[in-house]
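Chemist: here you go, sequence then predicted model.
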Amino acid sequence: MTIERHDAVATVWLDRPEARNAMGQDLWNDLPRAMRVVSEDPAVRVVVIAAKGPHFSVGLDLKEMGALLSGGGAAAGERTSGAVRARNARDDILRLQAAITSVAQCPKPVIAAVHGYCIGGGVDLIAACDIRLASADALFSVRETKVAIVADLGSLQRLPSIIGAGHVAELAFTGKDISAERAKAIGLVNDVAVDAEGVLKAANELALEIAGNSPLAVQGTKAVLAANEGRTVAEGLDYVATWNAGMLGSHDLVEAMTAFMERRAPNFTGS
């Protein structure tokens, strides 16, 4: 993975184009590190996740991650019980889950710019993003049942609140491929651009639009949206009331009011 910064936008690149961005050990190690870097950088207000090469990601690197898929195999000549292998496999799965969750836990908005294949683990990754955009050639698949496993990195948990339970069941049970047009129709992506260049441009334009707002308010909005999960409307309203009670004294709010009175664009500092 590589990171590029432009203005207040950081682009986190899947950077293994020769392997169609298959998700191997390097990605699983680097993804949480990359998200920590952009999360802790005060100059970054919005994050875009994009991919080098012709495809976003073909998902888990089946060759490199074979030991995990076989249930936590032992080293050559080593004798381990089924219980130990199961424990090791569970630990490995939890580590991969945590890498994907690091995207969802980023306090800043994260936009996925998808082109080409977005399969298996690729869908897990974009489901952890806040907004998803796609190129017209994008192809999506919750592919795991076709390789005899249950999707376990977040698609089954996050997609129901994005596209609805019925669509998730259809995609996950069949493992079928769907086009960008179908993905937009069911709400998996917000919009579709003509090509890979177009979707990256659209993602950056959207990121800059978001970055022009108060980062305190944007990040607060993301936090409040996340806090709504599992709460009633009344509980959510109580939460946001407490949040805003502590945030209405910001310099950004003063700047917004001043800029309005002076009929100019505000210059938010996040303070």
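Modeler: Done, it's in. Numbers count the residues shown, from 1 in each chain.
Chemist: got the buried residues for stretch 245-252?
Modeler: Going by neighbour count (16 or more other CB atoms under 10 Å), the buried part of stretch 245-252 is 250, 252. To be clear about C-beta, it is placed using only N, CA and C from the backbone, and glycine gets the same treatment.
Chemist: what about that stretch, average pLDDT?
Modeler: Averaging pLDDT along stretch 245-252 yields 88.
Chemist: next, the distance between the ends of that stretch.
Modeler: 15 Å (CA to CA, to the nearest Å).
Chemist: what's the answer for stretch 158-169, then?
Modeler: Stretch 158-169 end-to-end distance (CA to CA) = 13 Å.
Chemist: residues of that stretch that come out buried?
Modeler: 158-159, 162-163, 167-168.
Chemist: hmm, who's touching it?
Modeler: Stretch 158-169 is contacted from outside by 104, 123-124, 127-128, 142, 155-156, 171, 186-188, 229, using CB atoms under 8 Å, 6 or more residues apart in numbering.
Chemist: narrow the residues you listed to those that are buried.
Modeler: So, by 16+ other CB under 10 Å, the buried ones in the contacts of stretch 158-169 are 123-124, 127-128, 142, 155-156, 171, 186, 188.
Chemist: can you redo those as TSV with pLDDT and secondary structure?
Modeler: As requested, the buried ones among the contacts of stretch 158-169 are exported to TSV (pLDDT from 0 to 100; DSSP: H, G, I helix; E, B strand; the rest coil):
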residue	pLDDT	secondary structure
123	98	helix
124	98	helix
127	98	helix
128	98	coil
142	97	coil
155	97	helix
156	97	helix
171	98	helix
186	98	coil
188	98	coil
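Chemist: what sits against the closest residue in space to residue 55 that isn't next to it in sequence?
Modeler: Distances taken as CB to CB, 6 or more residues apart in numbering put residue 116 closest to residue 55, at 3.4 Å, once the chain neighbours are dropped. Residue 116 makes contact with 20, 51, 53-56, 135, 137-139, 196 under the criterion CB under 8 Å, 6+ apart.
Chemist: picking up where we left off before, can you lay out the buried residues of stretch 158-169 as TSV showing secondary structure and distance to residue 258?
Modeler: As requested, the buried residues of stretch 158-169 are exported to TSV (DSSP: H, G, I helix; E, B strand; the rest coil; distance: CB to CB, whole Å):
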residue	secondary structure	distance to residue 258
158	helix	40
159	coil	43
162	helix	38
163	helix	42
167	helix	46
168	helix	46
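Chemist: what's the most distant pair in those?
Modeler: 158 and 167 (12.8 Å; CB to CB).
Chemist: between the contacts of stretch 158-169, which sits nearest residue 243?
Modeler: Using CB to CB, the contacts of stretch 158-169 come closest to residue 243 at residue 229, 15.1 Å.
Chemist: do you know how far that closest one is from residue 161?
Modeler: Residue 229 sits 8 Å away from residue 161, going by CB to CB, to the nearest Å.
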